[in-house]
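Trainee: The following comprises the amino acid sequence and a computationally predicted model.
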Amino acid sequence: MGSQSLDILTVYRPSGNDPEADALLLDGFKALATRSNTLIVEDFNVPTIHWISSSADCSESAFDHQLLHITQYLPLT
């Protein structure tokens with residue numbers, strides 16, 4: 001019986017606004033969506049996201065809203 005590996009990725013996104021770093025982080029998640037057996041442990045500092053209702057109190061261009069969109073539409077579980 002073969003063994004499977006698990007990649008663990010820890011992410012900390014400091015509060016503040018660095019659009020270039022945010023874009024790289026979002027691109028990284030899009031790339032990870034094609035991989036299996038990856039666990040993401042995070043602190044994204046996204047206080048406007050309401051995970052229970054899948055909504056964000058911010059503009060559609062804000063990082064928080066874009067992150068919420070990615071988690072809803074990419075195959076992340």
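Mentor: Perfect, I can see it now.
Trainee: Pull out the buried positions in the longest helix anywhere in the chain.
Mentor: When every helix of the chain is counted residue by residue (DSSP state H), the longest turns out to be helix 19-32. Under the neighbour-count criterion of 16 or more other Cβ atoms under 10 Å, helix 19-32 has 22, 25, 29 buried. Heads up, the C-betas are built off the backbone N, CA and C, glycines and all.
Trainee: Make sure the last one is actually in contact with residue 70.
Mentor: Yes - the pair residue 29 and residue 70 qualifies as a contact (Cβ atoms under 8 Å) at a distance of 5.4 Å.
Trainee: follow-up on the earlier one: pLDDT averaged over the longest helix of the chain, what's the number?
Mentor: Averaged over helix 19-32, pLDDT sits at 91.
Trainee: Output the contacting helices and strands for it.
Mentor: The contact analysis (3 or more Cβ pairs under 8 Å, 6 or more residues apart in numbering; DSSP states H and E) places helix 19-32 against strand 38-43, helix 63-73.
Trainee: So what touches that helix?
Mentor: 9, 11, 13, 38, 40, 63, 66-67, 70, 74, 76 (Cβ atoms under 8 Å, 6 or more residues apart in numbering).
Trainee: Which of those has the largest number of neighbours?
Mentor: Greatest neighbour count in the contacts of helix 19-32, by other Cβ atoms under 10 Å, goes to residue 63: 23 neighbours.
Trainee: Residues contacting stretch 42-61 from elsewhere in the structure, which ones?
Mentor: Under Cβ under 8 Å, 6+ apart, the answer for stretch 42-61 is 10-15, 62-68, 72.
Trainee: Which of the residues in it are classified as buried?
Mentor: 44, 46, 49, 56, 58.
Trainee: what would those residues look like in JSON lines with distance to residue 34?
Mentor: As requested, the buried residues of stretch 42-61 are exported to JSON lines (distance: Cβ to Cβ, whole Å):
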{"residue": "44", "distance to residue 34": "21"}
{"residue": "46", "distance to residue 34": "23"}
{"residue": "49", "distance to residue 34": "24"}
{"residue": "56", "distance to residue 34": "25"}
{"residue": "58", "distance to residue 34": "27"}
